[in-house]
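*Asks:* here's a sequence, model it:
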Amino acid sequence: MKKIVKRFYMLVRHPIIFLKSFKKNFYIRGKLNINHFSRIVLGNDITFGYGTRINFYSNNSDNKGKLFIGDNSYFCHNNTILVGGDIHIGNNVLVASEVAIFSENHSTNLETNTPYMNQSLKMSEVVIGNNVWIGEKAIILPGVHIGDNSIIGAGSVVTKNVPRNAIVGGNPAKQIKYYSEKEKCWKRT
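*Replies:* The predicted structure follows:
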């Protein structure tokens, strides 16, 4: 009975999402704000907490970034995902509250005498590997690739690529530990 009530709730509150994702175990825990749902490709068993916002931007009709989310991924509350270039999020990804993921940014060309808000957007792909944990209030900037099995510390600003099996933290994020395959444990960098 609980499943029937839940599915009815999804149909009433989020009809487009519900109908596109009926067999994928797609869960929404409160308000979810998405524009251009057709540019999202979802895996199975995905959960979004309340207050999550997903917005899509493009410079022109040729550059339309997509959001790809793998299986068994969980997004806690009040996250922001701004898609300009493609964003690929792997399987088994855990995203804590108030995380921001950006694949677009304003240009900063002073030679044009154009205000920043009127300059075109720069698009850069973001890739988040499998089995990644992103801590609360972390920020992932355009062009970043995060390797499999990595952990992003709470409040980190990730400006550069993160290798696989790494723990990073800080502003800007720096590697703190790595997982030693040989010793089967985390080691300080």
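
*Asks:* how about Ala122, what does it touch?
*Replies:* Careful, residue 122 is Lys; it's not Ala. 84, 104-107, 142 (Cβ atoms under 8 Å, 6 or more residues apart in numbering). (Glycine included, C-beta is placed from N, CA and C.)

*Asks:* in strands only, show me these.
*Replies:* 104-106 (DSSP state E).

*Asks:* mind checking which of the contacts of Lys122 are buried?
*Replies:* Among the contacts of Lys122, those buried by neighbour count (16 or more other Cβ atoms under 10 Å) are 84, 104, 142.

*Asks:* return the distance of stretch 117-128 from the chain's centre.
*Replies:* 14 Å (Cα atoms, centre = their mean, to the nearest Å).

*Asks:* one more: stretch 78-98?
*Replies:* 1 Å.

*Asks:* buried set for that stretch?
*Replies:* Across stretch 78-98, burial judged by 16+ other Cβ under 10 Å covers 78-93, 95-98.

*Asks:* pull the CA atoms of that stretch into PDB?
*Replies:* The C-alpha trace of stretch 78-98 is given here as PDB (Å, rounded to 0.1, in the frame of the first residue of the first chain):
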ATOM      1  CA  ASN A  78      19.500  21.900  -1.200                       C
ATOM      2  CA  ASN A  79      22.000  21.000  -3.900                       C
ATOM      3  CA  THR A  80      22.600  23.100  -7.000                       C
ATOM      4  CA  ILE A  81      23.700  21.600 -10.400                       C
ATOM      5  CA  LEU A  82      24.200  24.200 -13.200                       C
ATOM      6  CA  VAL A  83      24.700  22.500 -16.600                       C
ATOM      7  CA  GLY A  84      26.400  24.200 -19.500                       C
ATOM      8  CA  GLY A  85      28.800  21.600 -20.600                       C
ATOM      9  CA  ASP A  86      28.000  17.900 -20.000                       C
ATOM     10  CA  ILE A  87      28.100  16.600 -16.400                       C
ATOM     11  CA  HIS A  88      28.700  12.900 -15.900                       C
ATOM     12  CA  ILE A  89      28.000  11.600 -12.400                       C
ATOM     13  CA  GLY A  90      29.000   7.900 -12.000                       C
ATOM     14  CA  ASN A  91      27.400   5.000 -10.100                       C
ATOM     15  CA  ASN A  92      27.100   4.900  -6.300                       C
ATOM     16  CA  VAL A  93      27.800   8.600  -5.800                       C
ATOM     17  CA  LEU A  94      26.800  10.200  -2.400                       C
ATOM     18  CA  VAL A  95      26.300  14.000  -2.500                       C
ATOM     19  CA  ALA A  96      25.800  15.700   0.900                       C
ATOM     20  CA  SER A  97      23.700  18.800   1.500                       C
ATOM     21  CA  GLU A  98      24.200  22.200  -0.200                       C
END
